[in-house]
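Engineer: no FASTA, just this:
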């Protein structure tokens, strides 16, 4: 991989946005999904991004997730400016630094739980035996060690989301991106997922979560509210019960 | 490492295809029958042409064969009840051909005689050939017993006869042929050998010694039978005077065959203005047959190409549907960090697995069909290794060509859009 890792070691900032704009052309009108966003995310922090639909929070997540490039401005992930990267390099950034957790779990149906979890290492070209060791450890951590051979369809929603979390952790990402991770789950299951996320944060993971539910957002240290493509407010939360920071 | 990855990729492809067994099988059918048809058609075509080419080759590609035939204007009706037809090759032609051309290695004459042959009380109509020992150098036949005609037989004017297998069976059923005496035209001929007869049925080409029962030295034949044959038809009798019925000319090199044939033709036409001979050049026939075969192969190839094209389009169609259906999966893989080329690889492997499996089954069918045809219809078929190899290459090639577009479509999906699909 041709990525420059030198800036990573003694830098606390994982993500920095400077005057980031994302503009779409609709008909003959320019729509600014992001209109000059500045943001710095420290290593080990837990962020919740909320906002009404159309506020730009999805665009923000896609951008942070290296699925998209800004129209203008600078987005640095681990010191790497993604505006200058090719599609392949973006893929490599996602593969090396990011882990995704989605609202609808997004597991691949024809793969077993184990194969789903191992997918990032499959693309990293890691040895099958090494991948198996790691996936087993992660499955144990999310409490699904006895479901490794099952298909996603044979699991409950909560179990599927745990598989997704294990998969997102497989590549030891710098940032865990969660898009409405509890959106498709009942409250109790959602809480258990949030417990896992909180635990991961306690262990030092950087987490950015998009949610529209205030009680879910309350789990995060920083609550960021988007409005009209801009950051409307950032509030610091007092640590929630069970979270020690 | 690369092997392991490929193994994992292929395993994934197979697994994905097995999720929709019926669809995969139906998709493969195009390839199965395309490839099967190619191999089977080529096998049948090759079998038919090999038969023809073998027959021509048996005539000898370095030989020129000249036969006597009645001139056209001579064969008309004649009021005379007994008439004499004089036509055909002359002893002088033999001399001339042997002496005038540098490229001629030898010219072998043959005189055809029909006569009764008798052993003990059994008698049979025999077809005899009066010829020289060189005949056996040109028309190579396996000796089953005894020997062929020798120069010594000619020098001694010996009453010896070499039977073909066919003739021996006719005359001497059950007896040891060599050493027996056969009575032909009031003379006893000693059987000195038996050679294998050509077993061709009345095919497209006639070998020089087809349906021949026995060989005797030419000088003996001339002495005993003369040049005049009496043919008894229904109610009429006609007589023919033919010196030689056939000349086989061997040329020193394949390269010279056609030019020599042209020269001989020029010379013969001077001495035979009536055109009472017919010349055939096996090499020319061979070339013609080969070019016919080429045309045939091109036609078959086009048909096969079209059927494979249809098979390929079928695969492409299904893969495009599959890409649409699996848009979300593609999005997930891209989000996790799969590069475009890895998505292309995944879909290409699936199409190649489909088309190659189809191709391999097709090869099985392509081998089975000619076998059945040979068993049931008794037609010769030849499955050439290159047609099988070609089929494998083509089926893999089709997988790649027709898989490329769907795979590119999959790889070029916007991951954000793909994740939002459904």
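Structural biologist: That came in fine, so what should we check first? None of these values were measured; they are calculated from a predicted model.

Engineer: got a list of what residue 159 touches?
Structural biologist: No chain specified, so I'll use chain A. For residue A:159, the contact set (CB atoms under 8 Å, 6 or more residues apart in numbering or on different chains) comprises A:144, A:147. Backbone N, C-alpha and C define where each C-beta goes, glycine included.

Engineer: the intended chain is chain B.
Structural biologist: Going by CB under 8 Å, 6+ apart, residue B:159 touches B:187, B:188, B:189, B:190, B:216, B:220.

Engineer: ChimeraX command for the buried members of those residues?
Structural biologist: Entered in ChimeraX, the line below selects the buried ones among the contacts of residue B:159, by 16 or more other CB atoms under 10 Å in any protein chain shown:
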select /B:189,216,220
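
Engineer: make JSON lines out of the contacts of residue B:159 and add secondary structure.
Structural biologist: Shown next, in JSON lines, are these (DSSP: H, G, I helix; E, B strand; the rest coil):
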{"residue": "B:187", "secondary structure": "strand"}
{"residue": "B:188", "secondary structure": "strand"}
{"residue": "B:189", "secondary structure": "strand"}
{"residue": "B:190", "secondary structure": "strand"}
{"residue": "B:216", "secondary structure": "strand"}
{"residue": "B:220", "secondary structure": "helix"}
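
Engineer: helix, strand or coil for the residue of chain A at minimum distance from chain B?
Structural biologist: For chain A and chain B, the shortest gap (CB to the nearest CB) falls at residue A:95, measuring 2.6 Å. Counting by three-state DSSP, the backbone at residue A:95 sits in helix.

Engineer: what is the burial count for it?
Structural biologist: Neighbour count for residue A:95, taken as other CB atoms under 10 Å in any protein chain shown: 21.

Engineer: what's the neighbour count on the nearest residue to it once chain neighbours are set aside?
Structural biologist: Counting by CB to CB, 6 or more residues apart in numbering or on different chains, residue A:95 lies nearest to residue B:337, which is 2.6 Å off, once chain neighbours are set aside. Neighbour count of residue B:337, defined by other CB under 10 Å: 26.

Engineer: secondary structure element for the residue nearest the centre of chain A?
Structural biologist: Nearest residue to the geometric centre of chain A (CA atoms, centre = their mean): residue A:177, 0.8 Å. Assessed by DSSP states H and E, residue A:177 sits inside strand A:175-179.

Engineer: what's that strand packed up against?
Structural biologist: Contacting strand A:175-179 under the criterion 3 or more CB pairs under 8 Å, 6 or more residues apart in numbering or on different chains; DSSP states H and E are the following elements: helix A:57-64, strand A:98-101, helix A:187-202, strand A:206-210.

Engineer: the last one: what's the following helix or strand?
Structural biologist: Moving toward the C-terminus from strand A:206-210, the first helix or strand encountered (DSSP H and E) is helix A:214-217.

Engineer: hmm, who's touching that following helix?
Structural biologist: If you take CB under 8 Å, 6+ apart as the criterion, helix A:214-217 is touched by A:48, A:50, A:182, A:190, A:194, A:209, A:211, A:223.

Engineer: got the buried residues for that helix?
Structural biologist: In helix A:214-217, counting by 16+ other CB under 10 Å, buried: A:216, A:217.

Engineer: who does the residue nearest to residue B:181 when sequence neighbours are not counted form a beta bridge with?
Structural biologist: Leaving aside its chain neighbours, residue B:181 sits nearest to residue B:188 (4.7 Å; criterion: CB to CB, 6+ apart). Under the criterion DSSP bridges, residue B:188 forms beta bridges with residue B:183.

Engineer: dump the helices and strands packed on strand A:175-179 to CSV, plus mean pLDDT and mean neighbour count.
Structural biologist: Output for the helices and strands packed on strand A:175-179, formatted as CSV (pLDDT from 0 to 100; neighbours: other CB atoms under 10 Å in any protein chain shown):
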stretch, mean pLDDT, mean neighbour count
helix A:57-64, 92, 23
strand A:98-101, 95, 26
helix A:187-202, 94, 17
strand A:206-210, 96, 24
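
Engineer: want to try JSON lines for those, with distance to residue B:355 as columns?
Structural biologist: Converted to JSON lines, the helices and strands packed on strand A:175-179 look like this (distance: least, CB to CB, whole Å):
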{"stretch": "helix A:57-64", "distance to residue B:355": "37"}
{"stretch": "strand A:98-101", "distance to residue B:355": "34"}
{"stretch": "helix A:187-202", "distance to residue B:355": "44"}
{"stretch": "strand A:206-210", "distance to residue B:355": "43"}
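
Engineer: among the ones you listed, which is nearest residue B:212?
Structural biologist: Nearest of the helices and strands packed on strand A:175-179 to residue B:212, taken as CB to CB: strand A:98-101 at 88.6 Å.

Engineer: who does that closest one touch, helix- and strand-wise?
Structural biologist: helix A:157-169, strand A:175-179.

Engineer: any idea of the mean pLDDT for the helix or strand just after it?
Structural biologist: Using DSSP H and E, the helix or strand that follows strand A:98-101 in sequence is helix A:113-124. Mean pLDDT, computed over helix A:113-124, is 93.

Engineer: and helix A:113-124, how far out from the chain middle?
Structural biologist: Distance of helix A:113-124 from the chain centroid (CA atoms, centre = their mean, to the nearest Å) equals 17 Å.

Engineer: how about residues contacting that helix?
Structural biologist: A:95, A:99, A:107-108, A:111, A:130-132, A:134-136, A:138-139, A:144, A:147-152, A:155, A:163-164, A:166-167, A:170-171, B:8, B:333, B:336-339, B:342.

Engineer: how about stretch B:109-129?
Structural biologist: Counting by CB under 8 Å, 6+ apart, B:89, B:91, B:94, B:130-132, B:135, B:161, B:167, B:170-172, B:175, B:180-185, B:208-209, B:211-216, B:218, B:221-222, B:225, B:229, B:242-248 sit against stretch B:109-129.

Engineer: swap in stretch B:241-248?
Structural biologist: Stretch B:241-248 is contacted by residues B:60, B:63-68, B:84-91, B:93-94, B:97, B:107-112, B:135, B:138-139, B:208, B:227-229 when judged by CB under 8 Å, 6+ apart.
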